[in-house]
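Engineer: Structure of the sequence below:
(4 chains)
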Number of protein chains: 2
Amino acid sequence: MVKQRDKSKKRNAIIEAAVHAFIEMGFDRASMDYIAEKAEASKRTVYNHFESKEVLFNAVIQHFVQQSIEEKQIPYQANVPLEAQLNKFAELKVGISTNQLKMNFMRMAFGVMITHPNIAAQVMENAGKNDDGLQAWLDDATADGRLIIEDTALASEVFWSMCSSAFFWMPMLQGELDASKAETLKKEFVATFLARYSK
Amino acid sequence: MVKQRDKSKKRNAIIEAAVHAFIEMGFDRASMDYIAEKAEASKRTVYNHFESKEVLFNAVIQHFVQQSIEEKQIPYQANVPLEAQLNKFAELKVGISTNQLKMNFMRMAFGVMITHPNIAAQVMENAGKNDDGLQAWLDDATADGRLIIEDTALASEVFWSMCSSAFFWMPMLQGELDASKAETLKKEFVATFLARYSK
DNA sequence: TCTTATTTACACTTTTTAGTGTAAATAAGA
DNA sequence: TCTTATTTACACTAAAAAGTGTAAATAAGA
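Structural biologist: Predicted coordinates:
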């Protein structure tokens, strides 16, 4: 029988340090020595927990994904204006783009994935799909007779295309979006969507 | 008086080699030795032309931007259905996403820019704005009474948001888009846009 | 208090690559 | 043919970072 003590304290400290190191200086320039130092651990301990930098990176991504699974269900409400409800969906994306830490993390992650395709492959296995619940919402609204949509999956893509470009990709690659500009765009996106699909 | 001979042959060979090396293996893993070899030049000559790897990268971007300035004007035509004309604008984006070389180049460039913010800053100075001519087209169509648009700049953003997300950002980060899927989306984007802004 | 799982200190190897110095070779063009 | 601008060969330096081996120190928990 082998005694096991609790290693999770150090392990978490290392992951936490790695998260910040990767965000601050990117995957390549964040050395294992630096991460060890920030985690107040010896480099040897880092390697005892994670056999390579890539394994550590995967753990970091895992950690991030875990944290991001806060459910954000937006149920269909028959007695609330469609516009207001769609605004909430758009807000989801705006909200992410406003979260500096999250954006920095994702920017870093994309950079790594572009630069290191092998790591990207590993990460993609763990990265689930993006079920925002919009399609379900559209189904409900359509069933309720307030929207006319043949293909709710397609309509969902139209809406997310607009929002993602302005509220995610652009800020990701070109820096944060002005708040009032975001508001203007959000309004116009929702109006455009409703012009197409509402009764 | 100092005699000057023509160095451009070697210089171009080096840039050409660098373009392909950067695309193939990324900025970091494309060594100057490798680039020199592919350019059939000595490493010393590479450094005689470009004092550092960053300077070389800038020249490569410059080269790419230069090539990409093939004008793609789509003039407003009073006697052609709006849908057909908007389709052409959408095609511009689809066209880029289909160009494997261009996409690989841009993927690489973004990767570098995310990973090396200092290089990004330099590049951004040379990277002009994106005047697609859509806004001018919308102005004309509005003046002609076939569209009702208060803010054509905003409307232009709505259209490009939809197209960019599906035909640029997603393929850039997640690989090429299925052709029939692209067609479906294009149709829906144009229909949505017209539902909002046409008479 | 003891046992020993875990962590640390630290010296080490290996690999990779940017960038330089220089003398000799090459070749453009007068 | 001659001059010399350009290129080459190649041996360097310097730096950075991944990953390893090991003996000693530390501390959890029975």
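
Engineer: ok, which stretches of chain A are helices?
Structural biologist: Using DSSP state H, the helices found in chain A span residues A:8-29, A:32-38, A:43-49, A:53-68, A:82-98, A:100-115, A:117-126, A:134-143, A:152-164, A:170-174, A:179-197.

Engineer: just the ones you listed: most buried one?
Structural biologist: helix A:152-164 (a mean of 22; mean count of other C-beta atoms under 10 Å in any protein chain shown). Heads up, the C-betas are built off the backbone N, CA and C, glycines and all.

Engineer: So which other helices or strands are in contact with that one?
Structural biologist: For helix A:152-164, the packing partners by 3 or more C-beta pairs under 8 Å, 6 or more residues apart in numbering or on different chains; DSSP states H and E come out as helix A:82-98, helix A:134-143, helix A:179-197, helix B:152-164, helix B:179-197.

Engineer: Run through who's touching that helix.
Structural biologist: Defining contact as C-beta atoms under 8 Å, 6 or more residues apart in numbering or on different chains, one finds that helix A:152-164 is touched by A:86, A:89-90, A:93-94, A:132, A:134-135, A:138-139, A:142, A:149, A:186, A:189, A:192-193, A:196-197, B:158, B:161-163, B:165-166, B:169, B:184-185, B:188-189, B:192.

Engineer: okay, the helices and strands packed on helix A:152-164 in a markdown table with mean pLDDT and distance to residue A:48 next?
Structural biologist: A markdown table is the format used below for these (pLDDT from 0 to 100; distance: least, C-beta to C-beta, whole Å):
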| stretch | mean pLDDT | distance to residue A:48 |
| --- | --- | --- |
| helix A:82-98 | 94 | 35 |
| helix A:134-143 | 96 | 44 |
| helix A:179-197 | 97 | 46 |
| helix B:152-164 | 96 | 46 |
| helix B:179-197 | 97 | 47 |
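
Engineer: how about these, which one is nearest DNA strand C?
Structural biologist: Nearest of the helices and strands packed on helix A:152-164 to DNA strand C, taken as C-beta to the nearest atom of the strand: helix B:152-164 at 32.4 Å.

Engineer: That closest one to helix B:82-98, inter-axis angle?
Structural biologist: 50 degrees (axes from the mean of the first three to the mean of the last three C-alpha atoms, to 10 degrees).

Engineer: Can you show me the CA trace of helix B:152-164 as CSV?
Structural biologist: Taking C-alpha atoms only, helix B:152-164 is exported to CSV below (Å, rounded to 0.1, in the frame of the first residue of the first chain):
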residue,chain,number,x,y,z
THR,B,152,-24.4,53.7,-45.0
ALA,B,153,-21.3,53.3,-43.0
LEU,B,154,-23.2,51.3,-40.4
ALA,B,155,-25.0,49.3,-43.0
SER,B,156,-21.7,48.5,-44.6
GLU,B,157,-20.4,47.2,-41.3
VAL,B,158,-23.5,45.0,-40.9
PHE,B,159,-22.9,43.4,-44.2
TRP,B,160,-19.2,42.9,-43.7
SER,B,161,-19.7,41.6,-40.2
MET,B,162,-21.8,38.8,-41.5
CYS,B,163,-19.4,38.0,-44.3
SER,B,164,-16.2,38.4,-42.4
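
Engineer: circling back: for residue A:113, find the nearest of the helices and strands packed on helix A:152-164.
Structural biologist: helix A:82-98 (17.6 Å; C-beta to C-beta).

Engineer: Can you tell me what sits against the closest one?
Structural biologist: For helix A:82-98, the external contacting residues (C-beta under 8 Å, 6+ apart) are A:72, A:74, A:76-77, A:102-103, A:132, A:134, A:137, A:141, A:146-147, A:159-160, A:163-164, A:167-168, A:171-172, A:176-177, A:182, A:186, A:189-191, A:193-194, A:198.

Engineer: Could you do stretch A:17-25 as well?
Structural biologist: With C-beta under 8 Å, 6+ apart as the criterion, stretch A:17-25 contacts A:30, A:34-36, A:38-39, A:56-57, A:59-60, A:63-64, A:101, A:104-105, A:108, A:112.

Engineer: Give me the mean pLDDT for it.
Structural biologist: Averaging pLDDT along stretch A:17-25 gives 95.

Engineer: Which positions in chain A make contact with chain B?
Structural biologist: Proximity of chain A to chain B is confined to A:26-28, A:107-108, A:110-111, A:113-115, A:154-155, A:157-158, A:160-166, A:169, A:173, A:184-185, A:188-189, A:191-193, A:195-196 under the rule C-beta under 8 Å from any C-beta of the partner chain.

Engineer: where's residue A:96 relative to chain B, distance?
Structural biologist: 14 Å (C-beta to the nearest C-beta, to the nearest Å).

Engineer: Out of the helices and strands packed on helix A:152-164, flag the one nearest DNA strand D.
Structural biologist: Closest among those, using C-beta to the nearest atom of the strand: helix A:82-98, at 28.8 Å.

Engineer: May I have that closest one as CSV, with CA atoms only?
Structural biologist: Only the C-alpha atoms of helix A:82-98 are listed here, as CSV (Å, rounded to 0.1, in the frame of the first residue of the first chain):
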residue,chain,number,x,y,z
LEU,A,82,-38.1,39.8,-29.1
GLU,A,83,-35.7,42.6,-29.4
ALA,A,84,-34.9,42.7,-25.7
GLN,A,85,-34.4,38.9,-25.7
LEU,A,86,-32.1,39.0,-28.7
ASN,A,87,-30.2,41.8,-27.1
LYS,A,88,-29.3,39.5,-24.3
PHE,A,89,-27.8,37.0,-26.7
ALA,A,90,-25.8,39.7,-28.3
GLU,A,91,-24.7,40.8,-24.8
LEU,A,92,-23.1,37.4,-24.3
LYS,A,93,-20.6,38.1,-27.0
VAL,A,94,-20.1,41.7,-26.0
GLY,A,95,-19.5,40.5,-22.5
ILE,A,96,-16.7,38.2,-23.5
SER,A,97,-15.0,40.9,-25.5
THR,A,98,-15.1,43.2,-22.5
